[in-house]
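Undergrad: All I have is the shape, not the residue letters:
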């Protein structure tokens, strides 16, 4: 079902009572279960399908089985006139889909792009009667939108998209470069160097570094131009396992360092050793040493 075919109608989230009535009229639940579910609803923030599935209500059309989340999702799809869609991470072209919408947009509207071809874009959601986001998305994709219904919990686990689409992460800071006309050599404070890069791997600590005092050429600032220092983390298979919303960030960083990632301060230390910037300048842009 496309956005154009739905026509203009007022948006509203899935209503518990209306959906329960539809289940009752379809012979899937008893009147007693309907009343029990209505009375036991406590959290309106919980999706209707998740709430019903957790109650493990018997499916009267399938004796011995309960209405689980997948069967409820299929019923909702049929009831709304939209196709049912099971999200299979292995079948999704994540690199292509991430061009359709940002993660923030998808999370805000609880939707997910699951397929893109020359004719249309397929968008999955668990709220078939909410379409306020369609107009904004149509301006981006410039092709018809096909709506499908999916398990609401599958919309809350987009981490595989990150794993498939991201090959690395880079942090960057800009350090000021010393003026070549007024920089002067000075002895290295080994304690200070230890704070700069405790795991220095550039050989012996340099015997001298440079500081600039300011001159006419640099208008007494001591600096002339800027240059980047970088921290690059290639996303290996091991690091991909940390690409979750509740990942242990300290462990992720520790694993990245064990795989050879260099810190911002190490990148800065290399430039200090090369005589193009000062230790305090690296401290200014990278205040914490990890």
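TA: That came in fine, so what should we check first? The shown structure was predicted, so the numbers you read here are calculated from the model rather than taken from an experiment.
Undergrad: For the stretch 101-250 of the chain, which segments are assigned as helices?
TA: Counting by DSSP state H, counting those that start in this stretch, the segments of the stretch 101-250 of the chain that form helices are 103-109, 134-141, 159-165, 190-196, 237-240, 249-258.
Undergrad: Show me the least confident stretch of those, going by mean pLDDT.
TA: When the helices of the stretch 101-250 of the chain are ranked by mean pLDDT, helix 159-165 comes last with a mean of 59.
Undergrad: rewinding a little: right, so the helices of the stretch 101-250 of the chain: which one is the most enclosed?
TA: Of all these, helix 159-165 carries the top mean neighbour count, a mean of 17, counting by mean count of other C-beta atoms under 10 Å. (Glycine included, C-beta is placed from N, CA and C.)
Undergrad: Including distance to residue 66, could the helices of the stretch 101-250 of the chain go into CSV?
TA: As requested, the helices of the stretch 101-250 of the chain are exported to CSV (distance: least, C-beta to C-beta, whole Å):
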stretch, distance to residue 66
helix 103-109, 30
helix 134-141, 34
helix 159-165, 28
helix 190-196, 61
helix 237-240, 35
helix 249-258, 38
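Undergrad: Can you say which of those is nearest to residue 175?
TA: helix 190-196 (12.2 Å; C-beta to C-beta).
Undergrad: So which elements touch that closest one?
TA: Secondary-structure packing of helix 190-196 (3 or more C-beta pairs under 8 Å, 6 or more residues apart in numbering; DSSP states H and E): helix 264-273, helix 279-285.
Undergrad: and with 10 Å instead?
TA: When contacts are defined as 3 or more C-beta pairs under 10 Å, 6 or more residues apart in numbering; DSSP states H and E, helix 190-196 packs onto strand 208-212, helix 264-273, helix 279-285.
Undergrad: can I get those in a markdown table with mean neighbour count and distance to residue 12?
TA: Shown next, in a markdown table, are these (neighbours: other C-beta atoms under 10 Å; distance: least, C-beta to C-beta, whole Å):
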| stretch | mean neighbour count | distance to residue 12 |
| --- | --- | --- |
| strand 208-212 | 18 | 65 |
| helix 264-273 | 23 | 49 |
| helix 279-285 | 18 | 50 |
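Undergrad: Tell me which of the ones you listed lies nearest to residue 34.
TA: helix 264-273 (59.4 Å).
Undergrad: Could you count how many residues lie near the spatially closest residue to residue 262 that is not a sequence neighbour?
TA: Of all residues not flanking residue 262 in the chain, residue 231 sits nearest, at 6.6 Å (C-beta to C-beta, 6 or more residues apart in numbering). Residue 231: 20 surrounding residues under other C-beta atoms under 10 Å.
Undergrad: thought residue 231 was touching residue 285?
TA: No - taking C-beta atoms under 10 Å as the definition, residue 231 is not a contact partner of residue 285, at 11.6 Å.
Undergrad: Can you pull the residues that touch both of the two?
TA: Common contact partners of residue 231 and residue 285 (C-beta atoms under 10 Å, 6 or more residues apart in numbering): 172-173, 264-265, 268.
Undergrad: Max pairwise distance over those residues: which two?
TA: Considering C-beta to C-beta, no two members of these lie farther apart than 172 and 265, which are separated by 13.4 Å.
Undergrad: shared neighbours, the two?
TA: Shared contacts of residue 172 and residue 265 (C-beta under 10 Å, 6+ apart): 229, 231, 285.
Undergrad: So which of these is the closest to residue 148?
TA: Closest approach between the shared contacts of residue 172 and residue 265 and residue 148, by C-beta to C-beta: residue 231, at 40.1 Å.
Undergrad: The lowest-mean-pLDDT helix or strand in the chain: what's the following helix or strand?
TA: Least confident helix or strand, the chain: helix 3-6 with a mean of 44, by mean pLDDT, DSSP states H and E. Heading C-terminal from helix 3-6, the first helix or strand you meet, by DSSP states H and E, is helix 16-25.
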